[in-house]
Every structure is written in C-alpha cells, then in structure tokens.
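[1] build me a structure from this.
(chains A and B)
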There are 2 protein chains.
Amino acid sequence: MAGQEKRSFKLMNEDELSLALIDAQYALRESRGTPQAKSLVILVSGIELAGKGEAVKQLREWVDPRYLQVKADPPHLLTPKLAFWQPYSRFIPAEGQIVVLFGNWYSDLLATAMHVSEPLDQGMYDSYIENMRAFEQDLQNNHVEVVKVWFDLPWKNLQKRLDNIDASELHWHRLHGLDWRNKKQYETLQKLRQRFTDDWLIIDGEDEKIRDQQFAQSILEAMQRLPVHQDNGVTNWKQAAVPQLLLEPQNEELAENEYKSHLKELSRQVATALRHDERQVVIVFEGMDAAGKGGAIKRIVKKLDPREYTIYSIAAPEKYELRRPYLWRFWNKLDEHEDIMIFDRSWYGRVLVERIEGFAKPAEWQRAYDEINRFEKDLTDSQTLVIKFWLAISKDEQAKRFQARADTPHKRFKITDEDWRNREKWDEYLKAAADMFERTSPAWAPWQVIATNNKEAARIQVLEGILKKLQAD
Amino acid sequence: MAGQEKRSFKLMNEDELSLALIDAQYALRESRGTPQAKSLVILVSGIELAGKGEAVKQLREWVDPRYLQVKADPPHLLTPKLAFWQPYSRFIPAEGQIVVLFGNWYSDLLATAMHVSEPLDQGMYDSYIENMRAFEQDLQNNHVEVVKVWFDLPWKNLQKRLDNIDASELHWHRLHGLDWRNKKQYETLQKLRQRFTDDWLIIDGEDEKIRDQQFAQSILEAMQRLPVHQDNGVTNWKQAAVPQLLLEPQNEELAENEYKSHLKELSRQVATALRHDERQVVIVFEGMDAAGKGGAIKRIVKKLDPREYTIYSIAAPEKYELRRPYLWRFWNKLDEHEDIMIFDRSWYGRVLVERIEGFAKPAEWQRAYDEINRFEKDLTDSQTLVIKFWLAISKDEQAKRFQARADTPHKRFKITDEDWRNREKWDEYLKAAADMFERTSPAWAPWQVIATNNKEAARIQVLEGILKKLQAD
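    Okay, here's the model as predicted:
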C-alpha cells in the first residue's frame, strides 16, 4: 500500500501547499454553524523514528498554528476500568477545529498488546478494533471526520536511524516505547498493526520530503472534502407499540405509616449497597414533566453524604456544546469519575425532546439508539453499572400537578409555557418513549418503567429497582 | 460568633425562601453579559455530622437544581506538586452560575495539617491561608463572589450523633475523615480552623431548621448583593520607562556557518536539559507581531518529540471563556500537567492587547500584574519553572517583515488589518511592555528581553536563556 501511495503521489510547491492548508483551515472555521460544518481528528501512529513527529512539526509550520491542536501523549495502557475513548473524549474537537491525536486509542491498544506481562488475547484484541471502528463511525456521523495515518519504516532503516540518534533521545524512546532493537518485537508489532491499518493512510518514513507532504496533503484533502451528513432518515420507521403501563400508569396506594417505615429502611439499604459497590454507578431518570424525578432522586441520596454522589440536572445544551457530538457533554461528566452519578434527564434527550422538536434530524435520532447502546456498553464493560428509569404518569395526573405547581409561587418555575406545549405533544412523547424502550434495553442496561401516579409507591419501586440491580450483578 | 448570628437571625416561611432563592437564581442568570454579572462560589466546610450535607441537600431542593452545581469530594491532600487551587480551578463558575465546593482548599488544608505522618508547621499553615485569601480576593475582583460557611458542632453533640448513625455511614466517615471520637483531635482541629474562619459564616449545626435556613439565606443574600466592580483605575498611573533595548533592538549578526552549528548544538542541549528536568517547565513568548516567536519555538522543540511538549498558540478568547476570570482558560491548560508547555502569547494579553484595546478596564489591567505574579508564584511553588521572553523588534524591521508577508501568499494570513492597526499603537505597546517588565519580573520568573532584528542571533539567545534557567535553579 505504501508503494501504491508513492506512485500516485505528487509533491506540491511548499508555499502553495501551505497556502492551500491555511485557506482550508479558514474555510473549515467559516463553516461553523452551517450545514457543512465539521471538525477533524487526525490519528497518528507508527513505527518509532519513522518521522511522525517531524511530519507533525512540519504540518504545524505550514498551517495557522492557532487553529491546529496537537495532543501528544505517551500511551495510556488500556485497563478494564476505563473505556478506550475516555482519555481522549475531552479533546474531540468542535466544528471548525482540527486536533491531531499523536498517541490515540490504537497506540494504546498496541502498547497494551505488546506489554509482555499481561498480553491481550487475539479475540480481545480484535474486539477492541471493532469497538474503535464503531466509535469512529459514530464520530463521523456526528460531523467529526477521522483521518488515520500510519508512519512506517522497514527494519533495516529503523536500525540505521537508531545508530544515529543521541543518547538522550534514545533514552526517551526507550522509556516510552518498545525495544526497537528487537527484531521479533518489531515483527510482532507489524503483524498486530496490520490487523487494523487496512483503512489507514500508510506513509513510508524513508523520504522526509515525501513523508511530510503526504501527511499534509492527506489533511488538506480531508479538510476540503465536503462532509456527507445524512439528514434524512428511513421513511418506513417502525414505530414500537406504546406499553400499556404508559397508557395507564396506575399503581396501588400505600398506607402512610407503611410507606414511611419502608422508605426509611430502603433508603438505608440503598445507601449501604451503593457505598459498598466497587463499580461506578450511573442512574438515569427520564419521564414526562412532573413525573416525580426530583422526588425519587431525593430519596436515593437521603442517607448519603454529598461527597459520595453527584447529581446532574440536565438543561438545554450550551452553544459550545452544540458544536460537538451530542454525547460530548456527557463524556465530560463521566470523566470526573465520581462513584455515583445521578442524571435528572440525560443523553436520551436525543431521542425524546430533540426528536420531537426537530432539533435532531430524522437520520440523527434514528441512529442515536445504536450510538447510545454502544456508549452504555462501553461504560458497562469498564465497570460501570447503568440503571435507567422511566417514570410514567398519566395525562390527567400531570394536569393536576401542573395546576398545583402553577398555584404555588415557589414551584411556578417548574412549570413553563414549554411544559404546556410539551403536553400537547403527549402522544408523540409516548411513542418516542416506546421506541426508546424497544431499542435501548439491552441486557446490560434495561429500562425500568415505573408508574408514578402514586408518588409514594413509585419512590419505593425505584429504590427497590436500584437495590435489585446492585445485588444482581 | 455563632451565637451572634443566631440572635439576629429570623426564620423565613420556607415557600417564600424557596421562591426568593429561585428568583435570585434567575436574576443572576439574566445578569450574564451585563456590567452587573457575577458568579458565586460557596465554600462549605465544618465538623463532621454538623449537618453540612443536609444543608446542601435542602438548598438543592429549595432552588432550581439545574442552576446549582455541587462539587463534593473527599479531601485532596496538599502536595508540593500542585497549587492548592488546581483541583478546583476547572470548576470556577461562569457568570450567572453557582457552584458549591463542598470540600475545597480549606478542607484540604485541614486534612493535610491533621495528617499525622507529615504535619504542616505553623508558618507553612499560615502562609497557605494567606495565599488562599489572596486567591479568593482575585476571584472576587474577577466577578466571582466567594461565600464561606463553616458548620460547627460542640464536642458533646458530635459524640451523641456518632452514637446514632448506622454502621455503614460510620464506616464511610472513618474512611474519609478523622477519628471524631478523639477529643484531642477535635480540639486541635477547632484551633486550626479558627486561624482562618474569622471571615466565615459560622453555622451552629444543633438546630436543623435554623442551620438549613441560615445557610440558604446567606446564599440568597450573596446572590442578591449587587457586585462592586471597580472599573476605574488609579489616575496617577506611574508609567515605567521604556527600556533602551525596546527602542533600539539591535543585535550582532552571526556568520552563517557559525550560526548553524551553534544552533544545532544548542537545540540538542536544550532538548536534553528539558527532558531531564524533573519540574514542569512553562515557557512564555510575548512580543510585537512578526518578532519571531514562532521561529524561536520551532528551534526549542527541534530535537524533541511532540509527545514531550505542548505548544499553545493563544488566539482571542471564546465567548464562554470571557464569562470567567481571564486566567481560567490558562488554569485549564495547566491542568493537563504536560511536562513542557510553550505559550505563543499568554495570560499577559491582559496587560498588553486588552489594556491597549480597552477590553480590560483600567482597574482590571492595573490589578492584573499582582494577580499574574501570584499565579506564577503558585506555579513556581508547585515545582513549575516559568521562563518568559519578550522578543523585541524595531518598527522598521517589523515593516519589512510585514511587507514580506504581504508579498508571500501563504504568509498573508499572518498579517491582517488588525496587525497594521496594532502597528499604529506601537508606542502604547512599548509602554505596556515596559510596565509589564517592571511589575512582573520577580526573582522566580523574570522577563528576558531579546532583541530580534537579527532573527538568528535571537534564536541563539533564546536557547541560551532557557539553558541558563534550567541549569541555574
């Protein structure tokens, strides 16, 4: 493949290349907020001393450096505690931005696989590759174009270069890489990387000029490429049936004293179970306005100290958040690594309010189910327990609670014109919820639908639901 | 003091309190972008079981929880590697936002001082307090109001409460706190905290109702308080004399071959020295447009791998950055803990372009010198070496370089109308630079002014300057 690239490749005049790169950068920036908007992530990996560092430095000189971020780290070894994208998700660029990830999930995978004491088996290795590709596809779909470049160098040339670098540099490479004098390691690495580089640009590191230009030109092309944003979804969308529980969310009434003692005991049990669980626990609440999400959360944390949990009450995204994949603001929150995180509304906004209000286009919300499933699967695989509740209220009961809120001055903020408008779209929300249950209830993170016309019974059920999940897994 | 507070304190009707809090939150949000804008940081500390957690939970129920962030962590012990504000600086709120730091720099200080194996001596302890107060004053001046609340509980009541909590809760408190059964520890803690709580609101944790209301009312008052933004600076500002080197930035020419070999050797030495330095190294470049900052940086990193350093080319702040203290975007960059960070323009924009263009008001840029000194001192104290260069070019030489850029298509982006306008303000920039040298050249981070009419000689001097600083300290 490297040979092929070289044959069809033409050197440009350097000044012209630089000008074209800068023009493309500016055009990319100008695209912000338009339907053509996109950002660029460039994954750089390769054989040590193949010149990837030099190529990145040269690129930085050809472009306007204010608008090129280079994020370059020695490898993070992959661990079962962190999804592979977690060290990088914060750096996923906003529309109009370019980020070079020199050191990325593939370098991490290679470093982990080459790490002698705990090698990855082949099945694990391939499943990582599969997940990485799926993640990149999700980025692409969310307007983050991914370019992958491998800098290669034949064994002999690598040895020659090693002969010529100075002691300090050699020391650094030894600390942060493999033993590049070991031919068997070199060959193992080449075999491993060939399992994922078939859709990469392979640059031969031998000729410096060609190397730098191939790299820069590939980025130029990526910047100039018009993004293909698929906005139209399937027309024959198969609507799931609305569950009976959503149409008639009845639950039995509890005797006052029974409720109180039961609640107290359950709050205590839930606190103890959460406190002792080794995993990160993420609890998600969705449901119609006034369904009692806040009240349920209050009971979960009743016997916990605020230092033990974090509650995120999700409002509409800020402008700078809108310029990134919609999951980005949640990646960032998960990045805090709190033990217990409770979401009062969540990433499911994509397939609920954004779907219904048209903030997400049909193709966008239609593919979001799979994106969310992958996101939650990655969390689950990295020792996070995801527990999801839909609180189901009837339309009549909601009307009563709205009226009560409207009649109570300090609760009036909870009820806005928008809430009344949402009410008019009641049936649409039920349908969206039904689709969501059907498409995002995998074994590892099923939805629990709780009827909330009777608040007290609902709170008990939520606590029991959490306890059961904590004890089951 | 707690007694005093109690005497003058009146319970409000809870619904009215809630309504007032919500109204104040909304007013605070509405203030964004206006001259009245401010944000609120609430520091919460105190005796364990005094009810600070309960008070925070109650507050969350009275307000609109979407607009109250609670950041609650077990203590971070203070280390010589991190300034005390570094674990928190990311969470400093934007205009209109409120953040409760339940667990903050004072809790960290107390935990560190009580940590038996390496106790802090009294001088160290008091100097931390002094720095913390200075930091808070800087926050206040930059429109972040700081409210400090200590929840207190007498020894006997603490013991009574310890008798009544369940095993799981007790276990958690043991893990994350002190031995609250130890009276001597309790007394030591009380003595220690009295050294900083004289400007705190002290809340007695005995009566739950009063406790929660005192806390909430103090926040209500803080939200309602009109911010005092001092925008007018001193009128008799004492302008520093412009150094001769800025007026005539001549340097000797170097013979071509001498330059090349010297540069090569120096790049190597600098790379080795940077690589082996245990400290974090921050290198700052300021200077007129076209003074050669990019070229100098290129030579510093010549023999380094991109994984060893990060270059930040600082453009104008984004809108969401403008809504926070101007140092915030630099706090965040330092938060990445890269070993080598190079800034092509920096926080000194505050006293250069922002001063001259009027983006910062006189009082703002006038106090920025001290703020920056404190910021760099905190970095220096946490094992960071700060090296600062001003590249000095003559007005004629700049004109030549501007013309050359204008004549070179791919360099045209480097020269904009704004650059020509800045040129018209040449003398103002010289004066601002002179003030900056005079006021921000402490022993630990002095400015090095390098004449750059001859680029080659300047590059050599920059490399020598870095080497000298690395070897000296």
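
[2] residue A:64 touches residue A:24, doesn't it?
    No - using Cβ atoms under 8 Å, residue A:64 makes no contact with residue A:24, being 10.4 Å away. (Glycine included, C-beta is placed from N, CA and C.)

[3] and residue A:108, what does it touch?
    The contact partners of residue A:108, by Cβ atoms under 8 Å, 6 or more residues apart in numbering or on different chains, come to A:75-78, A:84, A:87.

[4] actually residue A:321, not the one I typed
    Counting by Cβ under 8 Å, 6+ apart, residue A:321 touches A:328-329.

[5] quick one, phi psi at it?
    For residue A:321, the backbone dihedrals (degrees, to the nearest 10) come out as phi -80, psi -30.

[6] quick check, residue A:404 in a helix?
    Yes - applying DSSP: H, G, I helix; E, B strand; the rest coil, one finds residue A:404 inside a helix.

[7] tell me the pLDDT of the closest residue to it other than its chain neighbours.
    Excluding the flanking residues, the one nearest residue A:404 by Cβ to Cβ, 6 or more residues apart in numbering or on different chains is residue A:411, at 7.5 Å. On pLDDT, residue A:411 comes in at 79.

[8] quick one, phi psi at residue A:411?
    Backbone torsions for residue A:411, taken as degrees, to the nearest 10, come to phi -110, psi 0.

[9] pretty sure it sits against residue A:403.
    No - in this structure, residue A:411 is not within contact of residue A:403 by Cβ under 8 Å, at 10.8 Å.

[10] pLDDT weak spots in the stretch 151-300 of chain A?
    A:175-176 (pLDDT under 70).

[11] who in it is up against chain B?
    A:166, A:168-169, A:171-173, A:176, A:268, A:271-272, A:275-276, A:294, A:298 (Cβ under 8 Å from any Cβ of the partner chain).

[12] again, only using 6 Å
    Taking Cβ under 6 Å from any Cβ of the partner chain as the criterion, the stretch 151-300 of chain A approaches chain B at residues A:168, A:172, A:272, A:275.

[13] list the contacts of the first one.
    So the one you mean is residue A:168. B:272, B:275 (Cβ atoms under 6 Å, 6 or more residues apart in numbering or on different chains).

[14] that one is in what secondary structure piece?
    Taking DSSP states H and E as the definition, one finds residue A:168 inside helix A:167-176.

[15] now do the strands in the stretch 251-400 of chain A.
    With DSSP state E, counting those that start in this stretch as the criterion, the stretch 251-400 of chain A has strands at A:280-287, A:310-313, A:340-344, A:384-392.

[16] quick one: list the elements packing against the third one.
    Applying 3 or more Cβ pairs under 6 Å, 6 or more residues apart in numbering or on different chains; DSSP states H and E, we find strand A:340-344 packed against strand A:280-287, strand A:310-313.

[17] only C-alpha atoms, please: export the shortest one in CSV.
    Read it as strand A:310-313. The C-alpha trace of strand A:310-313 is given here as CSV (Å, rounded to 0.1, in the frame of the first residue of the first chain):
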residue,chain,number,x,y,z
THR,A,310,-23.1,13.8,42.0
ILE,A,311,-26.5,14.8,40.6
TYR,A,312,-26.6,16.3,37.1
SER,A,313,-29.8,18.1,36.3
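
[18] which residues does stretch A:196-208 contact?
    Applying Cβ under 6 Å, 6+ apart, the contact partners of stretch A:196-208 are A:1-2, A:50-51, A:129, A:148-153, A:211, A:214-215, A:218.

[19] please redo it, this time with the cut-off set to 8 Å
    Stretch A:196-208 is contacted from outside by A:1-3, A:5-6, A:46-47, A:49-52, A:54-55, A:106, A:109, A:129, A:132, A:147-154, A:157, A:210-211, A:214-215, A:218, using Cβ under 8 Å, 6+ apart.

[20] from the residues of the stretch 151-300 of chain A next to chain B, which two are the most distant?
    Using Cβ to Cβ, the two most remote members of these are A:168 and A:272, lying 54.4 Å apart.

[21] and residue A:191, how far from residue A:173?
    According to Cβ to Cβ, to the nearest Å, residue A:191 stands 21 Å off from residue A:173.

[22] so these two - more neighbours on which side?
    Comparing residue A:191 with residue A:173 by other Cβ atoms under 10 Å in any protein chain shown, the one with more neighbours is residue A:173, at 17 against 9.

[23] just confirm the more buried one contacts residue A:47, I think it does.
    No - if you go by Cβ under 8 Å, residue A:173 and residue A:47 don't touch, sitting 11.3 Å apart.

[24] find residues that contact each of those two.
    Common neighbours of residue A:173 and residue A:47 (criterion: Cβ under 8 Å, 6+ apart): residue A:180.

[25] now the strands of the stretch 251-400 of chain A in TSV, please, with extra columns for distance to residue A:196 and mean neighbour count.
    As requested, the strands of the stretch 251-400 of chain A are exported to TSV (distance: least, Cβ to Cβ, whole Å; neighbours: other Cβ atoms under 10 Å in any protein chain shown):
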stretch	distance to residue A:196	mean neighbour count
strand A:280-287	28	23
strand A:310-313	35	21
strand A:340-344	32	21
strand A:384-392	26	23
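
[26] turn the ones you listed into TSV, columns for distance to residue A:122.
    As requested, the strands of the stretch 251-400 of chain A are exported to TSV (distance: least, Cβ to Cβ, whole Å):
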stretch	distance to residue A:122
strand A:280-287	29
strand A:310-313	39
strand A:340-344	34
strand A:384-392	26
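
[27] now do the contacts for residue A:278.
    So residue A:278 contacts residue A:383 (Cβ under 8 Å, 6+ apart).

[28] Provide a list of residues in contact with the closest residue to residue A:402 other than its chain neighbours.
    Nearest residue to residue A:402, sequence neighbours excluded (Cβ to Cβ, 6+ apart): residue A:415, at 5.4 Å. By Cβ under 8 Å, 6+ apart, the contact list for residue A:415 reads A:289-290, A:402, A:405-406.

[29] what residues does stretch A:131-145 touch?
    The contact list for stretch A:131-145, computed with Cβ under 8 Å, 6+ apart, reads A:37-41, A:84-85, A:92-93, A:95, A:105-106, A:109, A:146, A:196, A:222, A:225, A:227, A:229-230, A:324-327, A:364, A:367, A:371, A:374, A:378.

[30] what is the distance between it and the centre of its chain?
    Mean C-alpha position of stretch A:131-145 versus that of the full chain (Cα atoms, centre = their mean, to the nearest Å) differs by 10 Å.

[31] got the CA positions of that stretch in PDB?
    Written as PDB, here are the backbone C-alpha positions of stretch A:131-145 (Å, rounded to 0.1, in the frame of the first residue of the first chain):
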ATOM      1  CA  ASN A 131     -15.300  -1.100  19.000                       C
ATOM      2  CA  MET A 132     -12.800   1.500  18.000                       C
ATOM      3  CA  ARG A 133     -14.100   1.500  14.400                       C
ATOM      4  CA  ALA A 134     -17.700   1.700  15.700                       C
ATOM      5  CA  PHE A 135     -16.700   4.700  17.800                       C
ATOM      6  CA  GLU A 136     -15.000   6.400  14.800                       C
ATOM      7  CA  GLN A 137     -18.100   5.800  12.700                       C
ATOM      8  CA  ASP A 138     -20.200   7.400  15.400                       C
ATOM      9  CA  LEU A 139     -17.800  10.400  15.300                       C
ATOM     10  CA  GLN A 140     -18.000  10.600  11.500                       C
ATOM     11  CA  ASN A 141     -21.800  10.600  11.700                       C
ATOM     12  CA  ASN A 142     -21.700  13.400  14.200                       C
ATOM     13  CA  HIS A 143     -19.600  15.500  11.900                       C
ATOM     14  CA  VAL A 144     -16.200  14.700  13.300                       C
ATOM     15  CA  GLU A 145     -14.100  13.400  10.400                       C
END
